[in-house]
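Q: Have a look at this prediction, sequence included:
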Amino acid sequence: MTSFGLSGKDSGVEHRGKPAGVFLDSSIHITRFESNAFDRKIHEALKEFPWKGTASYTKVEFGNVILSCAYYYYRKLEELGDLEKLCDFLYHRLRYNNKYRQWSYSILRETFNRDEATERAKLLLSTLMATGTAYISGCCDEVRDGIRCGWADQRVGPRIAWQRPNRPRNCRITEFFEENKPLFSQLRDTIEQMPEQQTRELEAFAKLIEQACKDVKVLKSCEKCRELADAIIAVESEGYKAFFTQNIRESDVLCRPLKQLLLYLQQDSDKPILRTDYRP
Ligand SMILES: [Zn+2]
């Protein structure tokens with residue numbers, strides 16, 4: 001099996017201050033739910049790392065994709081009363097809405113017996129909502145929470161939608177930005193130095209970081225902490241040697257000032273891909 005050069009003493013647990021393990025991006029938590037095949041590959045890849053970390057903000061993105069979808073499915077299933085009708089609705093009415101469609105495969109996969117299918121699907125969805133973001137804490141050794149955004153620990157249930165909090169009283173986005181200003185500025189500089197790898201998201205990060213450096217008050221809402229999501233997650237991952245993501249285009253740029261190895265899975269390969277060209 002491939003070794004990522006992180007064996008022995010360098011592999012994590014003894015380095016809590018500066019962990020050398022792997023940092024899991026939101027896209028990894030999400031992918032594990034969306035595809036059994038990728039879940040297995042991710043599980044294999046993680047065996048190489050005795051220390052796994054993530055950031056609380058990945059919970060926000062997990063909620064926005066997985067938990068909000070579970071809520072939507074549950075409510076729609078109650079409204080239509082039958083799994084077959086729900087699947088029909090998802091396949092035909094939501095044909096162009098990938099966000100909701102992708103998941104119907106997982107529900108079908110979990111419910112083999114037609115008679116029990118509807119009840120089993122409801123049970124699956126309500127269990128998922130009850131577990132909520134605790135799933136993420138459960139699969140990592142460390143969840144960094146410098147931003148302490150209340151959004152990350154919201155509850156969701158059959159009668160409670162996953163949504164952005166109205167008043168972000170608990171979000172430390174402005175303090176977090178001030179504390180990590182040099183690193184945020186480095187991220188902005190790297191984005192600007194790589195125009196050939198520019199994406200709309202990266203451009204937006206650079207612009208917002210620039211504005212916040214002049215006046216941090218522009219960040220004073222959870223709408224803004226969401227706009228900076230991947231940049232916040234990148235900053236929280238500081239000190240980790242490897243960054244595991246499926247969000248390659250942005251991370252390929254954001255990993256550079258952090259001098260991290262970029263780890264991702266390709267559709268047609270069982271092996272995780274390791275980018276070493278800017279290895280520290
Ligand atoms: Zn926030």
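A: Great, that's in hand.
Q: residues in the stretch 1-150 of the chain within reach of the ion, list them.
A: Cys149 (CB under 5 Å from the ion). Quick note: C-beta positions are derived from backbone N, CA and C, even for glycine.
Q: and if we set it to 8 Å?
A: Val60, Ile147, Cys149, Gly150 (CB under 8 Å from the ion).
Q: what's the closest of those to the ion?
A: Cys149 (3.3 Å; CB to the ion).
Q: Make sure that closest one is actually in contact with Ala55.
A: No - judged on CB atoms under 8 Å, Cys149 makes no contact with Ala55 at a distance of 10.2 Å.
Q: the more surrounded of the two?
A: Neighbours were counted for Cys149 and for Ala55 using other CB atoms under 10 Å; Ala55 has more, 28 against 25.
Q: If we ignore the residues flanking it in sequence, what's nearest the more buried one?
A: Closest residue to Ala55 apart from its sequence neighbours, by CB to CB, 6 or more residues apart in numbering: Glu236 at 3.5 Å.
Q: which ones are touching that neighbour?
A: By CB atoms under 8 Å, 6 or more residues apart in numbering, the contact set of Glu236 is Ala55, Ser56, Tyr57, Arg144, Gly146, Ile147.
Q: Where helices are concerned, which of those count?
A: Tyr57 (DSSP state H).
Q: Now do the strands in the stretch 51-200 of the chain.
A: 52-55, 142-144 (DSSP state E, counting those that start in this stretch).
Q: Pretty sure Ile209 sits against Leu187.
A: Yes - here Ile209 reaches Leu187: they are 6.6 Å apart, a contact under CB under 8 Å.
Q: Mutual contacts of these two, please.
A: Ala231.
Q: Neighbour count for these two, which is higher?
A: More neighbours surround Leu187 than the other of Ile209 and Leu187, with 25 against 21 (other CB under 10 Å).
Q: Check the contact between the more buried one and Glu210; I expect there is one.
A: No - Leu187 is beyond contact range of Glu210, at 11.0 Å (criterion: CB under 8 Å).
Q: Give me the pLDDT value at Lys220.
A: The model reports Lys220 with a pLDDT of 87.
Q: Might you report the residue contacts of the nearest residue to it once chain neighbours are set aside?
A: Residue nearest to Lys220 in three dimensions, not counting chain neighbours: Thr174, with 5.9 Å by CB to CB, 6+ apart. For Thr174, the contact set (CB under 8 Å, 6+ apart) comprises Val216, Lys217, Leu219, Lys220.
Q: what's the distance between the second one and Phe177?
A: Summarising the geometry, the distance separating Lys217 from Phe177, computed by CB to CB, to the nearest Å, is 10 Å.
Q: who has more neighbours, the two?
A: Phe177 (25 against 11).
Q: how about the residues of the stretch 151-280 of the chain near the ion?
A: So far as CB under 8 Å from the ion goes, the stretch 151-280 of the chain lies against the ion at Trp151, Pro165, Pro168, Asn170, Cys171, Ile173, Ser221, Cys222, Lys224, Cys225, Arg226.
Q: Local confidence estimate at the fifth one?
A: Confidence at Cys171, expressed as pLDDT, is 90.
Q: before we move on, the earlier item: same list (the contacts of Thr174) but as JSON lines, adding secondary structure.
A: JSON lines is the format used below for these (DSSP: H, G, I helix; E, B strand; the rest coil):
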{"residue": "Val216", "secondary structure": "helix"}
{"residue": "Lys217", "secondary structure": "helix"}
{"residue": "Leu219", "secondary structure": "helix"}
{"residue": "Lys220", "secondary structure": "coil"}
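Q: what's the burial count for Ala204?
A: Ala204 has 14 nearby residues by other CB under 10 Å.
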